[in-house]
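*Asks:* Need coordinates for the below:
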Amino acid sequence: MKMTVKAYSDLNTPERILMGPGPSMVSSRVLRAMAHPLLGQLDPKFIELMKEMRELLCYTFQTQNEMILPVSGTGSAGMESTLANLLDYNIEISGGLGIFKGKAWRIGLMGHISRREIVSLLLSALSRLLH
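*Replies:* Purely as a prediction, here's the structure:
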């Protein structure tokens with residue numbers, strides 16, 4: 001069976017004002033940055049940029065904590081790294097099921113365990129992780 005290949009034009013999307021929860025608008029500065037060549041995660045320039053981001057994160061969160069670091073990944077990767085750190089404090093964490101798998105989380109504050117001491121433990125752990 002012989003198949004014919006249709007010729008397609010280059011992608012030329014119209015400009016839109018996006019007002020939903022996502023995707024969201026991107027500034028022209030970000031679009032220009034995205035047009036730069038990609039760097040590998042072990043490239044010295046990439047490591048330099050990650051150090052700069054770390055300094056900016058410290059400034060943003062007003063912390064001197066040397067453990068603050070940018071996570072090169074999706075928002076879910078950032079959430080997962082935060083939750084993994086909470087496990088060190090024995091804080092109950094559970095993930096969503098079905099369509100919420102990997103997207104919905106419960107962090108030890110629901111039902112019969114949402115007592116004042118559990119909330120205090122969670123806030124204390126988050127404070128230590130962020131400062």
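*Asks:* the bottom helix or strand of this protein by mean pLDDT?
*Replies:* Sorted by mean pLDDT, DSSP states H and E, the helices and strands of the chain end with strand 105-107, the least confident at a mean of 56.
*Asks:* pLDDT on the following helix or strand past that strand, on average?
*Replies:* Downstream of strand 105-107, the first helix or strand assigned by DSSP states H and E is helix 116-130. Averaging pLDDT along helix 116-130 yields 74.
*Asks:* Helix 116-130 - contacts with which helices or strands?
*Replies:* helix 75-87 (3 or more C-beta pairs under 8 Å, 6 or more residues apart in numbering; DSSP states H and E). (Glycine included, C-beta is placed from N, CA and C.)
*Asks:* Tell me what angle the helix it packs on forms with helix 116-130.
*Replies:* Interaxial angle, helix 75-87 versus helix 116-130 (axes from the mean of the first three to the mean of the last three C-alpha atoms, to 10 degrees): 120 degrees.
*Asks:* Point out the other helices and strands that helix 75-87 packs with.
*Replies:* Using 3+ C-beta pairs under 8 Å, 6+ apart: helix 75-87 touches strand 93-95, strand 105-107, helix 116-130.
*Asks:* gap between the longest helix along the chain and the chain center?
*Replies:* For the chain, the helix that runs over the most residues, judged by DSSP state H, is helix 44-60. Offset of helix 44-60 from its chain centre (C-alpha atoms, centre = their mean, to the nearest Å): 15 Å.
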